[in-house]
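> no sequence on this one, just coordinates:
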């Protein structure tokens with residue numbers, strides 16, 4: 001199960017941002033693995049630091065993913081985000097499909113391969129978390145290799161949950177149940 005949360009603004013107290021933060025908190029609480037998505041073009045922000053601290057406190061496995069890195073020096077981009085102390089950054093471009101397979105392999109590595117088809121909703125639960133407009137829905141689209149999640153340059157497109165069942169891009173792994 002992969003949950004694409006709306007933008008995570010943990011300090012929001014009211015309105016749509018507070019509702020999106022509540023959804024993200026619920027996904028974090030239920031997740032076996034957290035993918036923390038940050039924007040390589042925007043660089044490290046104070047919000048990223050706050051979210052990283054919140055995610056580290058969960059004690060759950062955490063992968064730091066630097067998105068929107070197309071055409072940029074991956075080593076330089078990743079270096080900036082080491083400050084988050086959330087492990088070695090995985091530098092990708094979800095919109096261009098660059099680094100997505102490697103991300104999936106690393107995210108699924110801690111979980112056993114499927115010996116037989118699992119029941120719907122079984123298997124690892126992965127929450128995709130980050131500030132608004134860092135490319136969480138673009139990553140979902142890259143995972144399924146089609147545009148199922150709406151994306152826009154304007155933040156706030158992901159508000160309601162949509163559910164998808166897709167085959168894992170990794171052989172012998174259970175299907176992925178995606179929630180956008």
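That came through fine. Values in this document were obtained by computation on a predicted structure and should not be read as measured data.
> rest of the way, CA atoms for contacts and neighbours
Noted.
> is the most centrally placed residue in the chain in a helix, a strand, or coil?
Of all residues in the chain, the one closest to the mean position by C-alpha atoms, centre = their mean is residue 128, 2.6 Å from it. Classification of residue 128 using DSSP: H, G, I helix; E, B strand; the rest coil returns strand.
> share the number of residues neighbouring the nearest residue to residue 79 once chain neighbours are set aside, please.
Setting aside the residues directly before and after it, residue 79 is nearest to residue 89 in space (C-alpha to C-alpha, 6 or more residues apart in numbering), at 7.9 Å. For residue 89, the count of nearby residues is 24 (other C-alpha atoms under 10 Å).
> kindly report the same for residue 48.
21.
> now name the helix or strand holding it.
Per DSSP states H and E, residue 48 falls inside helix 46-56.
> so which elements touch the helix or strand just after that helix?
Counting by DSSP H and E, the element after helix 46-56 in chain order, helix or strand, is strand 62-67. Applying 3 or more C-alpha pairs under 8 Å, 6 or more residues apart in numbering; DSSP states H and E, one finds that strand 62-67 makes contact with strand 33-39, strand 90-91.
> separation between residue 75 and residue 68?
14 Å (C-alpha to C-alpha, to the nearest Å).
> compare these two and say which is more crowded by neighbours.
Taking neighbours as other C-alpha under 10 Å, residue 75 and residue 68 compare with residue 68 leading, 24 against 11.
> pretty sure the more buried one sits against residue 95.
Yes. Using C-alpha atoms under 8 Å, residue 68 is in contact with residue 95, at 7.5 Å.
> anything in contact with each of those two?
By C-alpha atoms under 8 Å, 6 or more residues apart in numbering, residue 68 and residue 95 have these common neighbours: residue 135.
> just the residues contacting the helix holding residue 48, thanks.
Outside helix 46-56, the residues that touch it by C-alpha under 8 Å, 6+ apart are 8, 9, 10, 28, 34, 36, 38, 62, 84, 86, 130, 131.
> which one of those residues sits in the busiest neighbourhood?
Going by other C-alpha under 10 Å, residue 38 tops these with 29 neighbours.
> excluding sequence neighbours, find me the nearest residue to that residue.
residue 66 (5.0 Å).
> that neighbour: neighbouring residues, count only.
27.
> give the buried residues for the longest helix belonging to the chain.
Of all segments of type helix in the chain, defined using DSSP state H, the longest is helix 15-30. Buried residues in helix 15-30, counted by 16 or more other C-alpha atoms under 10 Å: 17, 18, 19, 20, 21, 22, 23, 24, 25, 27, 28.
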